[in-house]
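Undergrad: Sequence and predicted structure below; questions after.
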Amino acid sequence: MPSEGNEGVPLDGRALIPVDDPADPRIAAFRDIRERDLTGRQGRFIAEGTVVLRMLAAAHKAGSAFAAESILILKNRLAGVADILADFPDDVPVYVAEAPVLDGIVGFHLHRGILALGRRVDRDGLEETTAALPAASLVLVGCGISNHDNLGAMFRNAAAFYADAVLLDETSCDPLYRKALRVSVGSVLSVPYHRGGAAVEMLERLSEAGFAIWSLSPNGETEIRDIPRSERMALVIGTEGEGLPLSVLSRFHTARIAQSPQLDSLNAGTASGLVLYQMAGVMGRI
């Protein structure tokens, strides 16, 4: 572990770079995180916490669609993440700061004390994403998902129940937003996804590729336990409140979750978990 002000002291062979000034230009990308969450990072994203850092390390090491550019860590957290840091290439700089400096950089008290700046290096289009799906596929589709907690939960569910991809229309929020990424426990970095385009066009492309498409609605015709098995299945989830548009519901199969009449629906995160579990079971994945 580096001593105070001793730049370049190694941790298990990796050079660490102490930072003692929140205005240090080398860590400008980590400054005022919440404001940058709103204004965007021009293709970059912030990975926060040990679990997401580990997922980013695995993605970077595997040469996937994501890579790390730099890491910023609270000094007293170094020992606990030494094994994770060892999985990053030596050319990814690791900056280290004491708590007051770190808080001054990010603009609030960061109790996790672990941040990484990453970028998406590969952005396949819809055609490429669907063409890469296996013959037997389970896909989760989000339309108008604007809540980052729900979106993160949907990715976590997709990973848990062996979904092959997540597709999001152009009105859905960015899964690389810091909170969505954190709620997904890093699953955004492991589940292939595409975001963009109109929902109906995306679903029609899946239909042409042989997918049985099931749109979830409180008024759906089929209860989820009665959804029949298909070699290729897609679950479509809409935004909380408005749900899916008629342009989607009128074109494809509709399904519902049996529940108390005192509530009209579940949030997108919970609903996606219930239905993906059912679909994965029907397909023999769990």
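TA: Alright, I've got the coordinates.
Undergrad: C-alpha from now on. contacts and neighbour counts both.
TA: OK.
Undergrad: I'd like to know how many residues surround the closest residue to Asp149 other than its chain neighbours.
TA: With C-alpha to C-alpha, 6 or more residues apart in numbering as the measure, Ala180 is the residue that lies nearest to Asp149, at 5.7 Å, once sequence neighbours are left out. Applying other C-alpha atoms under 10 Å, we find 25 other residues in the vicinity of Ala180.
Undergrad: Let me see the contact set for Ala180.
TA: For Ala180, the residues meeting the contact criterion (C-alpha atoms under 8 Å, 6 or more residues apart in numbering) are His148, Asp149, Asn150, Leu151, Gly152, Ala153, Asp174.
Undergrad: cool, and Pro22?
TA: Counted by C-alpha under 8 Å, 6+ apart, Pro22 has contacts Arg31, Val101, Leu102, Gly104, Ile105.
Undergrad: Quickly note the distance from the closest residue to Ala65 other than its chain neighbours to Gly63.
TA: Using C-alpha to C-alpha, 6+ apart and skipping the chain neighbours, the partner closest in space to Ala65 is Asp122 (4.6 Å). According to C-alpha to C-alpha, to the nearest Å, Asp122 and Gly63 sit 10 Å apart.
Undergrad: Got the confidence number for Gly241?
TA: At Gly241, the predicted lDDT confidence score is 77.
Undergrad: what does Glu231 give?
TA: Reported pLDDT at Glu231 in the predicted model: 98.
Undergrad: Quick one: neighbours of it, just the number.
TA: With neighbours defined by other C-alpha under 10 Å, the count for Glu231 comes to 13.
Undergrad: The one 4 residues further on now?
TA: Close neighbours of Leu235, defined as other C-alpha under 10 Å, add up to 24.
Undergrad: likewise Leu263?
TA: A count of neighbours around Leu263, defined by other C-alpha under 10 Å, yields 8.
Undergrad: Would you verify that it is located in a strand?
TA: No - with DSSP: H, G, I helix; E, B strand; the rest coil as the criterion, Leu263 is assigned coil and is not in a strand.
Undergrad: ok, now how distant is it from Asp90?
TA: In terms of C-alpha to C-alpha, Leu263 sits 53 Å off from Asp90.
Undergrad: got it, and Ile105?
TA: Counting by C-alpha to C-alpha, the gap between Ile105 and Asp90 amounts to 24 Å.
Undergrad: the more surrounded of these two?
TA: Each of Ile105 and Asp90 had its neighbours counted (other C-alpha under 10 Å), and the higher figure belongs to Ile105 (24 against 12).
Undergrad: Give me the buried positions along the helix or strand harbouring the more buried one.
TA: Secondary structure from DSSP states H and E places Ile105 in helix 99-106. For helix 99-106, a neighbour-count test (16 or more other C-alpha atoms under 10 Å) marks Ala99, Val101, Leu102, Asp103, Gly104, Ile105, Val106 as buried.
Undergrad: And stretch 244-252, by the same measure?
TA: By neighbour count on 16+ other C-alpha under 10 Å, the buried set for stretch 244-252 is Leu244, Val248, Leu249, Phe252.
Undergrad: How about stretch 82-96?
TA: Ile84, Leu85, Phe88, Val92, Pro93, Val94, Tyr95, Val96.
Undergrad: State the three-state secondary structure for the residue nearest the centre of the chain.
TA: Nearest to the geometric centre of the chain sits Val188, at 2.5 Å (C-alpha atoms, centre = their mean). Applying three-state DSSP to Val188 yields a three-state assignment of helix.
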